[in-house]
Each structure stands twice: as structure tokens, then as C-alpha cells.
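Colleague: Would you be able to build a 3D model of this:
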Amino acid sequence: MRFDTGDRYMDKISIIIPVFNVEPYIRKCLDSVVNQTYANLEILLINDGSTDGSEKICDEYAEKDRRIKVFHKENGGVSSAKNVGLKNFTGDYLGFVDSDDWIEPDMYEALYKSLTDNNVHLSAANFTRDAANVSVIETEAGREKIPSKILTQKEMLLYVFRIKHYAGFYCGLWNKLFKADVIRNSKLIFDENLIISEDIKFIADLIMIDKLTGIFVNKPLYHYQQRQGSLIRSGKIINELNRLNSYKTIIETADRKGFGDVAVWLKREHCYRASLLAEDAMANNDYELLALLQGEMNVYIKEYIETNSEYPERIERINELLLRKTK
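Modeller: Numbers count the residues shown, from 1 in each chain. Below is the predicted model of the structure:
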């Protein structure tokens, strides 16, 4: 669907925003979305059983802006909320925004222009990490920058898998814009068993389906709010174990499809995250969990050692954790 701006036609961009108990943040988020310089939007608010008044704010905004559609559902997790969005969006392009974050006024105009000018399947924007009134641009955090050129399938997977080395592209969906047909044709949905890491599995699976191309916009257009109470920072063991299982599933697909050379970095990340959990298990004298996590570390210990050859202290730390006795 298109509308005439007076000088050209513009495609419709759908934006999926899952909402769950974010009353202190959601107005700032929605204000930043409805005031985009790119006006032809379809805004899907998926209220995932909020109980703090967020659901009323969604309805309030929908009454004032006809571009907003609200879907109320029982609480089922962020993946189930995003799946409701996938079933109901109608746009030519698709984006995602987390309801406790906010975006710059020209984010979708910039992403749309970069995507269409370069005739690629997706565009990604740089972002800032915001916490305690401090805002840090991701590419200024001492990491290697993403080149300003059309990105290949393998390059995008590398930036998704090696997020601690390359800055900006990231493994989330919220700083990106996709051609809608790519999403629809993939028939992908979010894994509703995942509370965290659902984005990396979705985007990695999407990129590996076909020879997608992308472009990176090195401008901080998205504000990623880091707050202690959010799901991604909750530190619940069951969520972290789900993350490890998700990584293994992605790695298996990458190895099978010929991307083993870039998947090695996700193997390293898997081992590292398992080691952090192992340290927590040790601190809590949870020897059963420690034994489980030692098994997880051993799955990709070879790749961890290979990719950390210049950091002997890291290898020594991992080996010490693997040698810890369990009762």
C-alpha cells in the first residue's frame, strides 16, 4: 500500500512493538515512533498481558492515531507477542521496536532510503546504549566498525555472531528495517520457548535462508535502554540455559549450510556464557548446575581455545573452571 506525498510514492512500513509492564517508558517510546519523519506507518502494539497500566496507554494512543493497531493477549512472553505482530502486519517493510526504548525522529526515513537506494534486503542503524542518563554510541565503544558498503550474507552473519568485536549491526531486530517479502517468504516465526535471545535466532535463521544483502547506516538512530528490571538483564538461570540451547541450534544450522567459519565466533560466545554461569553456580555451591555447565563449555572448548590463542589468561580461566570438582 502506498500514499502520495506530493513528490513521490512511499511504501508502508509496519512496526511491531511488544508491550509488557513498561508504564514508565512506553509514552517516550510511542512518541518517538508516531513522530517519525517517515509518516506512512502501521504501528502494531502487542500488549502481552500488562497489568501496570501499559495496556491503557496503548489504547489511548490508538484512539489518537489511526495508524496504531492494538492487540491485547494473555501473557505468553515476548516471542509470542512478536508472533502476533508477524501474523497481522500488512506493510511493504517491517521493523521492530522494544517498548522501553526510543528512536530518533528520522530513523525509519534513513533506513528506508538506505535500503531502497542500495537495493538490499535489510538496513541496520547504529545505536546508543542508554543507562543512568549516560548515552554511549555503540561504534565509539572501542570496537571494529562496519564498512559502508553492501554487506554479503556471510558478513552479516559475522557481525551478528561476533557482536563483541564489531559494533553497530548487532544481533537484535530493533535497529533494522526489512523488506516485508523476505519475512513473509521465509515463513519464520519466533521460538516461543525463548524469553531471551529470540532475536538472534530469528535474524540468523532469516539471513541463512537465502542470499540476503544488507547495508549499515553509521548513525545512532536507536536508543537501547539498559535497565536492571528488563528481561534481558534478569539473569535467570533457566533463561540463560535457553540462550545456550538457542546458540547450539543456530550453530548447527550454520555448520550445515556452510557458514562454519563464521559460526566459530558464536561457539566461542556459547562457551564464554556457559563459563559465566559456571562461576555463579560455584558461588552458590550448586554442583549439579556446575557439572551441567562444564558439559556445555566442553561442547565448543576447542573453538574457544583456538579463537583466544592471544589471550592465555582466558584459556587458563576456562581450564580452571573445567577442572573444578563437582559433588
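Colleague: can you pull the contacts of residue 21?
Modeller: 50-52, 54 (Cβ atoms under 8 Å, 6 or more residues apart in numbering). For glycine as for every other residue, the C-beta is placed from the backbone atoms N, C-alpha and C.
Colleague: which of these sit farthest apart?
Modeller: Maximum pairwise distance among these (Cβ to Cβ): 8.4 Å, between 51 and 54.
Colleague: quick one: which of those two has more around it?
Modeller: Neighbour tally, residue 51 and residue 54, criterion other Cβ atoms under 10 Å: the higher count belongs to residue 54, 22 against 10.
Colleague: pLDDT averaged over the longest strand anywhere in the chain - what is it?
Modeller: Determined from DSSP state E, the single longest strand within the chain is strand 214-225. Averaging pLDDT along strand 214-225 yields 94.
Colleague: now stretch 95-109
Modeller: 96.
Colleague: Any buried residues in that stretch, and which?
Modeller: Neighbour-count burial for stretch 95-109 flags 95-104, 107-109 (criterion: 16 or more other Cβ atoms under 10 Å).
Colleague: Go through the residues you listed and flag which are in helices.
Modeller: Among the buried residues of stretch 95-109, DSSP state H puts 107-109 in helices.
Colleague: Nearest to residue 143 among these?
Modeller: Nearest to residue 143 among those: residue 107, at 21.2 Å, using Cβ to Cβ.
Colleague: CA atoms only: put the longest strand of the chain into CSV for me.
Modeller: C-alpha atoms of strand 214-225 as CSV (Å, rounded to 0.1, in the frame of the first residue of the first chain):
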residue,chain,number,x,y,z
GLY,A,214,22.3,-5.5,3.7
ILE,A,215,23.6,-2.1,4.4
PHE,A,216,24.7,-0.4,7.6
VAL,A,217,23.8,3.2,8.4
ASN,A,218,26.5,4.5,10.8
LYS,A,219,24.3,7.0,12.5
PRO,A,220,23.0,6.4,16.1
LEU,A,221,19.3,6.3,15.4
TYR,A,222,18.1,3.8,18.1
HIS,A,223,18.3,4.2,21.8
TYR,A,224,18.7,0.9,23.6
GLN,A,225,17.6,1.4,27.2
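Colleague: Show me what that strand packs onto, helices and strands only.
Modeller: Contacts defined by 3 or more Cβ pairs under 8 Å, 6 or more residues apart in numbering; DSSP states H and E place strand 214-225 against strand 102-103, helix 107-118, strand 122-131.
Colleague: Dump those into CSV; add distance to residue 191 as well.
Modeller: Shown next, in CSV, are the helices and strands packed on strand 214-225 (distance: least, Cβ to Cβ, whole Å):
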stretch, distance to residue 191
strand 102-103, 26
helix 107-118, 26
strand 122-131, 20
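Colleague: Please point out the stretch among the ones you listed with the lowest average pLDDT.
Modeller: Looking at the helices and strands packed on strand 214-225, the bottom one is strand 122-131 with a mean of 89.
Colleague: Now do stretch 29-39: everything it contacts.
Modeller: Applying Cβ under 8 Å, 6+ apart, the contact partners of stretch 29-39 are 5, 10, 13, 15, 17, 22, 41, 43, 45, 57, 61, 65, 67-68, 97-109, 112.
Colleague: Secondary structure element holding the nearest residue to residue 162 once chain neighbours are set aside?
Modeller: Distances taken as Cβ to Cβ, 6 or more residues apart in numbering place residue 265 nearest to residue 162, at 4.0 Å, with adjacent residues excluded. Using DSSP states H and E, residue 265 maps to helix 260-283.
Colleague: Assign the nearest residue to residue 202 once chain neighbours are set aside to helix, strand or coil.
Modeller: Ranked by Cβ to Cβ, 6+ apart and with sequence neighbours excluded, the top spatial neighbour of residue 202 is residue 190, at 5.8 Å. Assigned with DSSP: H, G, I helix; E, B strand; the rest coil, residue 190 falls in the coil class.
Colleague: Any idea how far apart the tips of stretch 282-291 sit?
Modeller: Using Cα to Cα, to the nearest Å, one end of stretch 282-291 lies 10 Å from the other.
Colleague: So for it, what gets flagged as buried?
Modeller: Neighbour-count burial for stretch 282-291 flags 282, 286, 289-290 (criterion: 16+ other Cβ under 10 Å).
Colleague: Sort out for me which of these are in helices.
Modeller: 282, 289-290.
Colleague: domain ranges for this protein?
Modeller: Domain assignment for the chain by automatic domain parsing gives 2-232, 236-323.
Colleague: Run the chain-centre distance for the strand or helix carrying residue 32.
Modeller: For residue 32, the host element (DSSP H and E) is helix 26-34. Distance of helix 26-34 from its chain centroid, counting by Cα atoms, centre = their mean, to the nearest Å, is 19 Å.
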